[in-house]
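Novice: Okay, here's the prediction I keep looking at, along with the sequence it came from:
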Amino acid sequence: MAQVNVSINGRQYRMACEDGQEDHLRQLAKELDDRINSLRGQFGEIGDSRLVVMAALMTADEGVEAGKKMRRLEQEINALQDARGAAAERAQATQAALIAAFTSAAERIEGMAKKLNQPQAGDGPAQG
């Protein structure tokens with residue numbers, strides 16, 4: 001476990017994190033500190049605890065909204081995958097129908113060609 005010192009709301013905190021996550025933890029702490037400072041700019045000195053709670057609630061709200069959006073997007077992806085599957089099935093059915101139509105047309109053409117190539121009565125060699 002790695003140890004990282006971060007500054008949030010003017011206070012230093014020693015935090016533990018997984019190895020390799022140090023920069024990520026520092027960035028998270030900076031974003032929280034920036035949010036607290038922004039709230040302080042909007043509301044003035046309303047108390048450190050209150051500012052931290054407001055920042056935490058705003059962050060939690062963003063997380064909840066992101067989760068909702070993610071679920072909506074997952075539903076859209078599933079619907080698109082279903083539609084793609086249905087379209088592929090329709091394409092296969094259309095392809096099979098086209099193949100059957102071309103095969104039938106070819107068989108009819110072959111039948112007509114055979115009839116045209118058959119000697120007709122009275123078409124024998126001319127006698128005279």
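Specialist: Looks like it came in fine.

Novice: which residue ranges form the strands in this protein?
Specialist: 2-8, 11-17 (DSSP state E).

Novice: quick one: the helices in this protein?
Specialist: Per DSSP state H, the chain carries helices over the ranges 22-43, 48-117.

Novice: what sits up against the shortest one?
Specialist: Residues lying outside helix 22-43 but in contact with it, judged by Cβ atoms under 8 Å, 6 or more residues apart in numbering, are 2, 4, 6-9, 13, 15, 17, 46, 51-52, 54-55, 58-59. All C-beta spots, glycine's among them, are computed from the backbone N, C-alpha and C.

Novice: Would you convert the helices of the chain into a markdown table that also reports mean neighbour count and mean pLDDT?
Specialist: Output for the helices of the chain, formatted as a markdown table (neighbours: other Cβ atoms under 10 Å; pLDDT from 0 to 100):
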| stretch | mean neighbour count | mean pLDDT |
| --- | --- | --- |
| helix 22-43 | 14 | 95 |
| helix 48-117 | 11 | 96 |
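
Novice: centroid residue for this structure?
Specialist: Ile77 (5.0 Å; Cα atoms, centre = their mean).

Novice: ok, back up a step: from the contacts of helix 22-43, which two are the most distant?
Specialist: Across those, no pair lies farther apart than Ala2 and Ile46, at 34.4 Å, counting by Cβ to Cβ.

Novice: hang on, Asn5 packs against Ala16?
Specialist: No: the pair Asn5 and Ala16 does not pass the contact test of Cβ atoms under 8 Å, sitting 11.2 Å apart.

Novice: out of the strands of the chain, deepest packed?
Specialist: Neighbour counts (mean count of other Cβ atoms under 10 Å) averaged over each of those peak at strand 2-8, with a mean of 14.

Novice: May I have the strands that pair with it, each with its orientation?
Specialist: According to DSSP bridges, strand 2-8 forms sheet pairs with strand 11-17 (antiparallel).

Novice: Other residues contacting the partner strand?
Specialist: Contacts for strand 11-17 (Cβ under 8 Å, 6+ apart): 1-7, 24-25, 29.
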